[in-house]
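*Asks:* pasting the sequence and the predicted coordinates here, then a few questions.
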Amino acid sequence: MSLLDLIFPKRCVVCHEIGSYLCRKEKKKIRQASPFCPVCLKGAVGGTTHERCKGKLSLDGLICLFDYSSPIKEIIHELKYRFVKDLVGTLEDGIKDAKILNQIDFSTFTLVPIPLATGRKNWRGFNQAEILGELITRRLKINSNPEILRKTKETKPQAKLPRKERLRQVSGTFRVTGNISGQGFIVFDDVWTTGATIKAAAAALKRRGAVKVWGLALASSHGVWRRGRDSNPR
Ligand SMILES: [Zn+2]
Ligand SMILES: [Zn+2]
């Protein structure tokens with residue numbers, strides 16, 4: 001044990017138990033999300049958008065890896081503010097085991113992380129989406145290109161805004177750079193809540209000629225909410 005560990009011992013991000021950033025008990029609670037259609041939000045095989053739900057600028061499918069519940073919620077939150085290698089490692093293990101990533105052939109796709117506004121990137125010191133996106137690109141053996149999507153205006157942090165405001169704010173916030181005609185993309189974000197950000201990015205890419213756009217989020221609050229409701233029947 002180093003001196004640093006004695007002064008600042010590793011504590012579980014959920015229960016604060018000393019020893020590691022995520023105790024064994026919490027690690028067992030990580031749940032893989034069940035796939036759903038990004039348009040109607042109902043169950044869909046492999047997350048592929050239902051044929052009847054497809055529109056010209058809509059997502060072709062969506063993969064959400066985990067439920068946005070404890071301990072994934074705490075891990076993602078922690079990584080927003082500081083880089084913790086052990087926690088990144090836990091996510092990487094989960095990504096390796098995610099069979100849903102094998103269902104579709106993504107080998108010709110390029111991963112595009114949702115860009116943060118520059119001000120926020122500097123304040124945090126790193127772009128979390130880029131780092132977490134790297135875990136995905138390694139797993140799928142595909143390339144990432146963070147230069148394709150640019151934010152066109154400064155937006156307030158999403159979490160602080162009511163839903164209606166969030167949906168309004170993201171429309172038209174992305175600009176696409178370069179010639180992307182005929183290509184396939186995976187738009188990556190840490191959390192799918194309303195889906196507004198990923199959908200706006202997909203629409204921007206499709207307007208510029210992308211043929212296939214999938215969304216990929218580490219976690220989704222969709223299933224969590226649904227399960228919560230189902231477990232409390234009226
Ligand atoms: Zn714990
Ligand atoms: Zn649908």
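*Replies:* Structure received. Ligands and ions are numbered 1, 2, ... in the order given.
*Asks:* isn't there a strand covering V187?
*Replies:* Yes - counting by DSSP: H, G, I helix; E, B strand; the rest coil, one finds V187 located in a strand.
*Asks:* any idea how far the closest residue to it other than its chain neighbours is from ligand 2?
*Replies:* Closest residue to V187 apart from its sequence neighbours, by Cβ to Cβ, 6 or more residues apart in numbering: A201 at 4.6 Å. Placement of C-beta: from N, CA and C, glycine included. A201 sits 19 Å away from ligand 2 when distances are taken as Cβ to the ion, to the nearest Å.
*Asks:* my guess is A201 meets F188, correct?
*Replies:* No - using Cβ atoms under 8 Å, A201 makes no contact with F188, being 9.3 Å away.
*Asks:* need the overlap of contacts for those two.
*Replies:* Common neighbours of A201 and F188 are listed as 112, 114 (criterion: Cβ atoms under 8 Å, 6 or more residues apart in numbering).
*Asks:* helix/strand/coil for the residue nearest to Q183 when sequence neighbours are not counted?
*Replies:* Leaving aside its sequence neighbours, Q183 sits nearest to A210 (Cβ to Cβ, 6+ apart; 5.7 Å). Using three-state DSSP, the structure places A210 in coil.
*Asks:* tell me the contacts of A210?
*Replies:* Per Cβ under 8 Å, 6+ apart, neighbours of A210: 180-185.
*Asks:* mind redoing it with 6 Å?
*Replies:* A210 sits next to 180, 183, 185 when contact means Cβ atoms under 6 Å, 6 or more residues apart in numbering.
*Asks:* distance check, G184 against V112.
*Replies:* Separation of G184 from V112 (Cβ to Cβ, to the nearest Å) stands at 11 Å.
*Asks:* that should have said H77, apologies.
*Replies:* Taken as Cβ to Cβ, the span from H77 to V112 is 23 Å.
*Asks:* quick one, which of those two is more surrounded?
*Replies:* V112 (28 against 13; other Cβ atoms under 10 Å).
*Asks:* before we move on, what SS does the more buried one have?
*Replies:* strand.
*Asks:* just list whatever residues bridge to L111.
*Replies:* Under DSSP bridges, the beta-bridge partners of L111 are S144, I186.
*Asks:* OK, contacts around it?
*Replies:* Applying Cβ under 6 Å, 6+ apart, the residues near L111 are 133, 137, 142, 144, 186, 188.
*Asks:* mind redoing it with 8 Å?
*Replies:* Applying Cβ under 8 Å, 6+ apart to L111 gives the contacts 133, 136-137, 140, 142-145, 185-186, 188, 216.
*Asks:* ok, now S69?
*Replies:* Contact partners of S69, counting by Cβ under 8 Å, 6+ apart, are 29, 31, 224.
*Asks:* how about stretch 28-37, does it reach ligand 2?
*Replies:* Yes - for stretch 28-37, a contact with ligand 2 is found by Cβ under 5 Å from the ion, at C37.
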